[in-house]
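> Quick one: sequence plus predicted model below, questions after.
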Amino acid sequence: MRKSQIYYHRAHRQISFSWKSLFVEFFLFIPFCWSLILYTYPPITRLASQFLIEWNAPLHPASTSSLTEKAFVFGSITTPQMPGRYPAPQLTFAVFILSVLLIFMATKIRIPKPIAIWVIFVCLVNLVSVLFFTFLPAFFPYTIQHFSELFMKTEITIWLFVPVIMEASLLPLPSSKITKFMAILFSLLYAVAFGVVRYVLFVQILVRFSYIFMAVLFFCFGPFIDFIVVVGVYSFYVSLVSKKINQDLRVWNWSY
Amino acid sequence: MELVVLILKIYLIFTAIIMIVYFIRHFIFTLNRLTGKQRIYYQDILDSELPTLSVFVPMHNEEKVASDILNRLIAADYPRDKLEVFPINDHSKDKTKKIINEFAKQHPFIKPLHRGKGKRGKPAGLNEAMKIATGEIAIVFDADYLPPKGILRDMAIAFKDPEVGAMMGRVIPINTPKNMLTRLLDLERSAGYQIDQQARYNLKLIPQYGGTVGAFRRDQFLTFGGFDKNILAEDTELTFNFFIKGWKVVYASRVECYEEAPEDWNTRARQIKRWARGHTQVMFRYLWPMLRSPHITTWEKIDGVLLLSIYAVPFLIALGIAISLILFFLGEMQIFESLFLFLLVIAYNTFGNIAPFNQLGIAALIDGSTHRIRLLPLLFFVFLFNLWSSSVGFVNAVFDLLFKREIRWQKTERFRDATGGSG
Amino acid sequence: MTFVIFFVMFLFLLLLPFLPAIKELVRPLDASPLSINMDYSRDPRYFGNSFKGILKRALRTENLSEGKKLITLSKSETVEIVSKTKIPAGDKVDHLMYVMGNLISLENVTLDKEIYVDGKASIGERNTLRALAAEGKVSLASKTTVIRWVDAEGEFIAARSCDLGWSISSGNRLKIHPDCRFRRLYGMPVLTSDEGLEKEISDKDQECEEIGDAAFISDKDWTIIPPYTRIDKTLIFKQNLRIKRNCVLDKDVKTYQKLVLEEGVRIKGNVFAENGITIGSSARIFGNIFSQESIRLGKGSKIGRAGATKSVVARGGIVLDRGVVIYGYVVAGKRGRVL
């Protein structure tokens, strides 16, 4: 006898939900991920900072560079102390001209508006930085060490958030706990890798090029873009779940 | 200086809390829609004694789409003696008038209203048409919509419930494949209707009448004094008018209709600005009456506040980003401040203009979509665009209030190729 | 060089999450608009009408002759065309049937595919029937199971203890006996067995006194409308509502909680409730009944009137007692049953 189910319209689809699942997933996955981060972030920051100092040794000898350790959540972060670069007037002026030019072109050239607005935003942040370094360079409040501390602390806190956001988003999905956990773990590891690479690269830009780019690096490529990892992994995972469900509609309950 | 810094930091905390509230709200909606108890709509009520309907189709230079919707309404399954259709030709300069007149010649239940004088715009046109209509129930379709055969019955039946003042169906973009914008809008619409509106209906909050694919009691509407011609979001205004007076607005997920989503970014920007401005105008006018209404429950009031304030949030976030930049250069960007920035950004990124990323994902899942869910990361590029457009709309509404400005209606551009003529 | 490596790594990690999106954008696999059936209009006899239309188009029924044919519906199917037929007890039919006359099936028959009958259909005891559309009368003997639907142009009768599947519809009377289970019923009218009931209730109002709101009796959870009272306005309550026996309401009633109508209550309008609705014996409702929970119709209650379609719709279950008459449509979101 063929199937007896008459499948309702998509307006009436629903999923069964288990509060036991909620309990298991939240109180198993998240503490595990948090433990992983809290255990590994101190050596990660130490290794990254040591790498930066060694990388910049030809430029900044050992006497001008050192590591600083500061207490943080259940551990400590290590940051490098070394000279950064203040922008020369020529660089400041060049950045100013380039930013103004890009803003002008973004408004005139036919590019998709979202891209134009992003370009304008990045350039505006640059312009604020330019103004600051033109009129108030002595008041610039950051050193490499300060920036490192700010960036790493932000990243570590974001890494602690990532499993929470992922778990909350994946929780109601009709898929196995193992695959959910793998998706959460993957997004966490990706976030950590992405954060460390950015950190090293940004510090290097500030040491080799100029502090003038610090605002752009932090505001446009810092916490702003961390969510991309979460959404990327989430969307890919859900698309796979959806494909699987569409092959077996028995997963769906019918609200009516 | 310290005081200034403190105020700025408090502002960041305040905005982050607002974002968290919205995040929780949308999470609850998503969970409710996917797994919670669903309230059913009235579409399964079959009743041979249907109310009389007046269907309004505002048209301003709609020659590309006018024939399509009129043909669909001619094919509608509704007793002809209980149906009248008012295409409202609103100061058109193209062939709209000619097209409408051709249809009216062949179908007596189509009664054109040609407007050449008076204030232009959808609210003004509807107000004029409402006065000459005779139907108990008013249904409004935008000109680019394509109503299916049975939709009028499914919309009209809601009014058998004596408490229902208005109802809203679901809008589905027909031009989804066109480009990245239409594809993202398709996901956004899915979330807005499949999750947001349905959850608000389930939880007995405030589902919104959306201005098209919607119906309301005409006589009750006339007691409100019609639409305010200076408010750009006449749909939001109507929703709150009904709730304040003790009526309910219901949502019908099963009642679906195709629409044409904007296909270019400039059109989309204008649309968001109009919605943000209009919605905020309604907030200024109706927030306090809503809070004072004895007919609205506490939970409805809470949802009403969040709904009315929704276009203030992008502006708050934009300001929060600017404040973070100031704090950064003052050297006051400590971990907590940067974290709030992150929360602002991620919450809005996840929150999006209409719905958070997980709401879009779940909506697409329920709809049976698969690969299109992978487009979600592209929302990143739209984040600042939405932020900017909404903020401009919000600020315009503030200036409208402060300087008592007159509104000029701007029509949304159509992209469909014109099709054949009458019936 | 190290800088370049890190920069490339940064770009790679930044762009990687976008790759599936870009791929879907450039070579879309899922870009079509969500499908809407533009010709869809609610039809309580949809299954039967749709099946008959599809089958007749596929068969080109002008000059049919007996025998087996291969046709294409949603896929290739065998259809057996017979002038009339009597299916022996215990038989199993696993192909479509087109019966040009009457159909009789004896007990314990399994009809695994859709059947079209141009005349009357008489289905025996303990049959299992997937779907059937008939131009004449359809009767199901006791303990028959319908897997999907039955549509009869003529009268439909189901004996005791039948499982009526997803949808039973009739262009005429639809009568179901005790212990039947259903989801959707449509008939003019839908009747349950009236064995043992004394008399049919009349459409005429009884004598009662017109009252205002002040006469309602309210406590924390319930509002009670006293018996033999008449109310000439729409009632909307946030509490549970009990309307005592033999009241007359000239308009609609709605409650956010439970609604109980005692025996003999008459309501000229529609009845809505967020919770369950219990309708007492011999109640007379002229409008629709709609509940977000369950509905119970007492003995001899009558819904709607001849010549007009009305509906009884519940998100939950529907229980029909003996002698119930419903002019139109019954929809039970969960299961319905007949006492």
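Perfect, I can see it now.

> going forward, measure contacts between C-alpha atoms and count neighbours the same way
Will do.

> what mean pLDDT does the helix or strand hosting residue B:326 have?
Using DSSP states H and E, residue B:326 sits in helix B:313-329. Here helix B:313-329 scores 88 as its mean pLDDT.

> Report all helices and strands that it contacts.
helix A:214-221, helix B:2-35, helix B:335-351, helix B:379-403 (3 or more C-alpha pairs under 8 Å, 6 or more residues apart in numbering or on different chains; DSSP states H and E).

> Would you single out the least confident of the ones you listed?
helix B:335-351 (a mean of 59).

> between the next helix or strand along the chain from that one and helix B:2-35, how many degrees?
With elements assigned by DSSP H and E, the helix or strand that comes after helix B:335-351 is helix B:357-367. Angle, helix B:357-367 to helix B:2-35, by axes from the mean of the first three to the mean of the last three C-alpha atoms, to 10 degrees: 10 degrees.

> Helix B:357-367 and chain A in contact?
Yes. Helix B:357-367 comes into contact with chain A (C-alpha under 8 Å from any C-alpha of the partner chain), by way of B:357, B:358, B:361, B:362, B:365, B:366, B:367.

> On the pLDDT front, check residue B:415 for me.
63.

> what about residue A:158, neighbour count?
22 (other C-alpha atoms under 10 Å in any protein chain shown).

> Could you say which helix or strand holds it?
Using DSSP H and E, the element containing residue A:158 is helix A:144-170.

> Low-confidence bits of the stretch 101-250 of chain C, can you list those?
Counting by pLDDT under 70, the ranges of the stretch 101-250 of chain C that qualify are C:195-207, C:211-214.

> Of the helices and strands packed on helix B:313-329, flag the one that's most buried.
Of the helices and strands packed on helix B:313-329, the one with the most neighbours on average (mean count of other C-alpha atoms under 10 Å in any protein chain shown) is helix B:335-351, at a mean of 24.

> mean confidence for stretch B:49-66?
Averaging pLDDT residue by residue across stretch B:49-66 gives 94.

> That stretch vs chain C: in contact?
Yes. Interface with chain C: stretch B:49-66 contributes residue B:49 (C-alpha under 8 Å from any C-alpha).

> Kindly format the C-alpha coordinates of that stretch as PDB.
Provided in PDB are the C-alpha atoms of stretch B:49-66 (Å, rounded to 0.1, in the frame of the first residue of the first chain):
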ATOM      1  CA  GLU B  49     -22.800  33.700   2.300                       C
ATOM      2  CA  LEU B  50     -19.800  35.800   1.600                       C
ATOM      3  CA  PRO B  51     -19.400  39.500   2.300                       C
ATOM      4  CA  THR B  52     -19.400  42.100  -0.500                       C
ATOM      5  CA  LEU B  53     -15.900  43.000  -1.600                       C
ATOM      6  CA  SER B  54     -14.300  46.200  -3.000                       C
ATOM      7  CA  VAL B  55     -10.900  45.500  -4.500                       C
ATOM      8  CA  PHE B  56      -8.600  48.500  -4.900                       C
ATOM      9  CA  VAL B  57      -5.600  48.600  -7.200                       C
ATOM     10  CA  PRO B  58      -3.700  51.900  -6.900                       C
ATOM     11  CA  MET B  59      -1.900  52.600 -10.200                       C
ATOM     12  CA  HIS B  60       0.500  55.400 -11.100                       C
ATOM     13  CA  ASN B  61       2.100  54.800 -14.500                       C
ATOM     14  CA  GLU B  62       1.500  51.100 -14.400                       C
ATOM     15  CA  GLU B  63       1.200  50.300 -18.100                       C
ATOM     16  CA  LYS B  64       3.700  47.500 -17.700                       C
ATOM     17  CA  VAL B  65       1.700  45.500 -15.100                       C
ATOM     18  CA  ALA B  66      -1.900  46.800 -15.200                       C
END
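
> Just give the nearest non-adjacent residue to residue 226, would you?
Picked chain A for this. Distances taken as C-alpha to C-alpha, 6 or more residues apart in numbering or on different chains put residue A:191 closest to residue A:226, at 7.1 Å, once the chain neighbours are dropped.

> ah, I was thinking of chain C
residue C:244 (5.4 Å).

> The one you found contacts residue C:227, doesn't it?
Yes. Under the criterion of C-alpha atoms under 8 Å, residue C:244 makes contact with residue C:227 at 4.5 Å.

> picking that back up, burial of the residue nearest to residue A:226, as a residue count?
23.

> and it, what are its phi and psi?
Per-residue torsions, residue A:191: phi -60, psi -40 (degrees, to the nearest 10).

> Now do the same contact list for it.
A:159, A:162, A:226, A:229 (C-alpha atoms under 8 Å, 6 or more residues apart in numbering or on different chains).

> for the helix or strand the last one falls within, packing partners?
Element membership of residue A:229, judged by DSSP H and E, is helix A:227-247. If you count contacts as 3+ C-alpha pairs under 8 Å, 6+ apart, helix A:227-247 packs onto helix A:144-170, helix A:177-208, helix B:357-367.
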